[in-house]
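Enquirer: Okay, predicted coordinates and the sequence, questions at the end:
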Amino acid sequence: MICRNIAVASCTPRDRSFFLDLLKKATTLSHLSQTHAQIILHGLHQDLATLTKLIHKLSDFKAIHHAHRLFLSTRKPDLFLFNVLIKGFATNNSPLSAISLYTHLRTRTNLKPDKFTYAFAIWAAMGHESERFGILLHSNAIVDGFGFDLFVGSVVVDFYFKFSRVEMARKVFDLMPERDTVLWNTMVSGLVRNCCFNDSIEVFRNLVKGGVELDSTTVSTVLPAAAELQDLEVGMGIQCLALKVGFGCDVFVITGLISLYSKFGEIDTVRWLFEQIDRPDLVSYNSMISGYTYNGESESSVRLFVDLLASGQKVNSSTLVGLIPVHSPFGHLQLTCCIHGFCVKSGVVSHASVSTALTTVYSRLNEIETARLLFDETPEKSLASWNAMISGYTQNGLTEMAISLFWEMMLEVRPNPVTITSILSACAQLGALSLGKWVHNLIKSENLESNVYVSTALIDMYAKCGSIVEARQLFDLMKDKNSVTWNAIISGYGLHGHGNEALRLFNEMLHSGVPPTGVTFLSVLYACSHAGLVRKGNEIFHSMVHDHGFQPLPEHYACMVDILGRAGQLTEALKFIEKMPVEPGPIVWGALLGACMIHKDTNLARVASERLFELDPANVGYHVLLSNIYSADKNFLKAATVRQVVKKRRLAKTPGCTLIEVGGTPHVFTSGDLFHPQATAIYKMLEKLTGKMREAGFQSQTLTALHDVEEEEKELMVKVHSEKLAIAFGLIATEPETEIRIIKNLRVCLDCHNATKFISKITKRIIVVRDANRFHHFKDGICSCGDYW
DNA sequence: GTAGGGTTAG
């Protein structure tokens, strides 16, 4: 072959245009090698134009090292050739090589970078994990006068979006003297990628208003925003526009519409849309499959998948991800295992996207160990892989695991807003204020405050860690609040017992244009419950049904029972249950039982618990509650019987523990804890306090309940509850007058509640206690809950 | 143009 080529070469001299043409037509790497050989034979190996084309083609075929070598052998590379190789490095995931080539160009040659240089170099910088190179290049581009070139500008805007710098992207976009379709599309898609859905639609509207020519990319880019905003009207508006300008049959647009309508459960429309596509490609198949899965029609999605396989089409990781029932995992463990098996067999399980989806679905199915195994077996973990595992832990309440995995992750990759949101949720659950503050600083330094998820999680974290004032300040500063943001602050106030402020905010929300959700009503109702606002609660429940058209969920009913029951209106609560249009479930009866506990109504408690033992026999909490009610009623025999049941069935009670942070270090106490290094001092302090408390009129309530309990129980009761230990430690370890904040995993007991009141008065300290239900602010002998919890 | 990771109640 080579011999014949040489023969051809020697008899017919070839010029540059011949080789350029040959290079252009080359479809494999070996074509290129052969052509290269001929170029050398014809003495064109120092011809810049030919070489440039060759280098360009080599990097297109991923032979970037070869391309680089060839570049180095070039005697006098021009700017064009530099640009081609910078682009080559960019497309071959070698951002640092691209940047050093740019540096070489600036420092070692007399050449001046042009708009292509900057566009390619900044594009390459997007592939680096640090944003600093891109920012530097951007400033160089501005100095050299290319900052506002259309080509460079689009790349710069895309770059800032890549690093979540939405404000910078917007600034650059706003300053651009002219804007073409590509720039507008970059802006729209960047906003969508950064979850600024409202903004993306606004930009899209401006684009249409300004008479800019749109393409099908614009339309298909903005469609997901409508889907995310759950705004079908906006989506249909975009669809109409697409039809008007003639993109109605565009595969891209239809594929976008399939995703849009899937999110709204319009599965028939989706099916119809899919049929409108002449020859569906893999992407449209994928969106159809995931549409079925999203709507719980796993059977249909599997069938379509099988069709796709039978037709001999190749599938990709997207296809399999689309099959995994991430959004409706319940009852799909078997299906998930099947898909998992297929992914293993076809080898795509090591794909980060596939294992991430599987990790997610397993952790949502509470199969957290399986999720972890998958995660550990993923060879190249993407940021999403880490996030899936961390959020899996967070959502399963394994907050310590989430946090330790977060530190592990920090050694390898930089966290993004998703990571930060999850980790803040862990802090909130755990009450880890100092870690939460550390994350807040990280958010400030990374300029991520504008992300709604991040700031909502931050508000929730502060509220749950006791700093409702801080939470409110952040809330007031936020520009784009969604319903979750409102829910977080409303429930925050509820948690602190500020029912009226919660109600005020709820009204403000109704006027703000952000629609309330089911959770909004739950948050307001709980706020009413914690503040004893019975009439208000009733009003809101009715308004929810009649004015806002919400079908109450079991949780809403339970909340109403809770409101009535806590306020002592037990008969009304029972009446309410009897009048319910649906069968009352365990949480409704549980709420009633809780109320019976507070108001010591043994008879009603028996009614409620009988129903509960039927409906949810494995739940320990109800047994414990009932036993406590009998004890409080001095019916020790009955109490012992219930406890016997718990024992027989080996139903374990969660042990109580309390956390206190001093100087950023967490200290955890369990009941009767002797393991703390300062245990002696703590108990001494407690003894001193008890003496003073007695003088002030404190009567221990456990002592009255001490007779007629079993020996081991007695021992337990004599032991000191963890919250008292934590408070005593707080008194020792902090300066006088410092506020003491503790977090208890269970509800605070009556005795500790009473004791804390006395301690706050004697020591002149504000003591903030977060228990499983709410916050208690103790000051000068009074608790903010008004003894109502 | 398709897929995977995030916040709110209890």
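Expert: Thanks, I have the structure now.

Enquirer: who in the stretch 301-450 of chain A is up against DNA strand B?
Expert: Residues of the stretch 301-450 of chain A that fall close to DNA strand B, judged by CB under 7 Å from any atom of the strand: A:316-319, A:321-322, A:324, A:326-327, A:351-353, A:356-357, A:360, A:382-385, A:387-388, A:391, A:394-395, A:416-422, A:424-425, A:428. For glycine as for every other residue, the C-beta is placed from the backbone atoms N, C-alpha and C.

Enquirer: Narrow those residues to those that are buried.
Expert: A:317-319, A:321-322, A:324, A:326, A:351-353, A:356-357, A:360, A:383-385, A:387-388, A:391, A:394-395, A:416-422, A:424-425, A:428 (16 or more other CB atoms under 10 Å).

Enquirer: Can you list which of those are found in helices?
Expert: Residues of those located in helices (DSSP state H): A:317-319, A:321-322, A:352-353, A:356-357, A:360, A:383-385, A:387-388, A:391, A:394-395, A:417-422, A:424-425, A:428.

Enquirer: could you point out the longest helix in chain A?
Expert: Longest helix in chain A, counting by DSSP H: helix A:679-695.

Enquirer: buried ones in that one?
Expert: Buried, per 16+ other CB under 10 Å, within helix A:679-695: A:682-683, A:685-686, A:689-690, A:693.

Enquirer: before we move on, what about stretch A:443-451?
Expert: Buried, per 16+ other CB under 10 Å, within stretch A:443-451: A:443, A:446, A:448-451.

Enquirer: and what of stretch A:281-292?
Expert: Quick answer for stretch A:281-292 (16+ other CB under 10 Å): A:284-292.

Enquirer: quick one: it to chain centroid distance?
Expert: Relative to the centre of its chain, stretch A:281-292 is centred 25 Å away, using CA atoms, centre = their mean, to the nearest Å.

Enquirer: which residues touch it?
Expert: Here stretch A:281-292 makes contact (CB atoms under 8 Å, 6 or more residues apart in numbering) with A:251, A:254-255, A:258-259, A:261-262, A:267, A:270, A:274, A:277, A:280, A:298, A:300-301, A:304-305, A:308, A:313-316, A:318-319, A:321-323.

Enquirer: Just the buried ones out of the residues you listed, please.
Expert: Applying 16+ other CB under 10 Å to the contacts of stretch A:281-292 flags A:251, A:254-255, A:258-259, A:261-262, A:267, A:270, A:274, A:277, A:280, A:298, A:300-301, A:304-305, A:308, A:315, A:318-319, A:321-323 as buried.

Enquirer: all helices for the stretch 201-350 of chain A, in order.
Expert: A:216-228, A:232-244, A:251-263, A:267-276, A:282-294, A:298-310, A:317-323, A:333-345 (DSSP state H, counting those that start in this stretch).

Enquirer: I'd like the ones you listed laid out as JSON lines, including mean pLDDT and distance to A:L510.
Expert: Output for the helices of the stretch 201-350 of chain A, formatted as JSON lines (pLDDT from 0 to 100; distance: least, CB to CB, whole Å):
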{"stretch": "helix A:216-228", "mean pLDDT": "89", "distance to A:L510": "23"}
{"stretch": "helix A:232-244", "mean pLDDT": "90", "distance to A:L510": "20"}
{"stretch": "helix A:251-263", "mean pLDDT": "91", "distance to A:L510": "25"}
{"stretch": "helix A:267-276", "mean pLDDT": "93", "distance to A:L510": "32"}
{"stretch": "helix A:282-294", "mean pLDDT": "93", "distance to A:L510": "30"}
{"stretch": "helix A:298-310", "mean pLDDT": "91", "distance to A:L510": "38"}
{"stretch": "helix A:317-323", "mean pLDDT": "91", "distance to A:L510": "38"}
{"stretch": "helix A:333-345", "mean pLDDT": "90", "distance to A:L510": "40"}
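
Enquirer: Turn the ones you listed into JSON lines, columns for distance to A:I40.
Expert: Shown next, in JSON lines, are the helices of the stretch 201-350 of chain A (distance: least, CB to CB, whole Å):
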{"stretch": "helix A:216-228", "distance to A:I40": "42"}
{"stretch": "helix A:232-244", "distance to A:I40": "52"}
{"stretch": "helix A:251-263", "distance to A:I40": "44"}
{"stretch": "helix A:267-276", "distance to A:I40": "53"}
{"stretch": "helix A:282-294", "distance to A:I40": "41"}
{"stretch": "helix A:298-310", "distance to A:I40": "47"}
{"stretch": "helix A:317-323", "distance to A:I40": "42"}
{"stretch": "helix A:333-345", "distance to A:I40": "48"}
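
Enquirer: Which of the ones you listed sits closest to A:H542?
Expert: With CB to CB as the criterion, A:H542 lies closest to helix A:232-244 of the helices of the stretch 201-350 of chain A, at 28.4 Å.

Enquirer: Buried ones in the closest one, by neighbour count?
Expert: Under the neighbour-count criterion of 16+ other CB under 10 Å, helix A:232-244 has A:232, A:234-235, A:237-239, A:241-242 buried.

Enquirer: And for A:T52, the neighbour number?
Expert: 23 (other CB atoms under 10 Å).

Enquirer: So A:D771 is in contact with A:L746, correct?
Expert: Yes. Here A:D771 reaches A:L746: they are 6.8 Å apart, a contact under CB atoms under 8 Å.

Enquirer: More neighbours: which of these two?
Expert: For A:D771 versus A:L746, neighbours defined as other CB under 10 Å are more numerous around A:D771 (22 against 19).

Enquirer: Could you find the closest non-adjacent residue to the more buried one?
Expert: A:V748 (4.3 Å; CB to CB, 6 or more residues apart in numbering).

Enquirer: Skip the chain neighbours and tell me the closest residue to A:F204.
Expert: Distances taken as CB to CB, 6+ apart place A:V222 nearest to A:F204, at 4.5 Å, with adjacent residues excluded.

Enquirer: right, and the one you found touches A:L191 too?
Expert: No. Judged on CB under 8 Å, A:V222 makes no contact with A:L191 at a distance of 9.1 Å.

Enquirer: anything in contact with each of those two?
Expert: Joint contacts of A:V222 and A:L191 (CB under 8 Å, 6+ apart) are A:S200.
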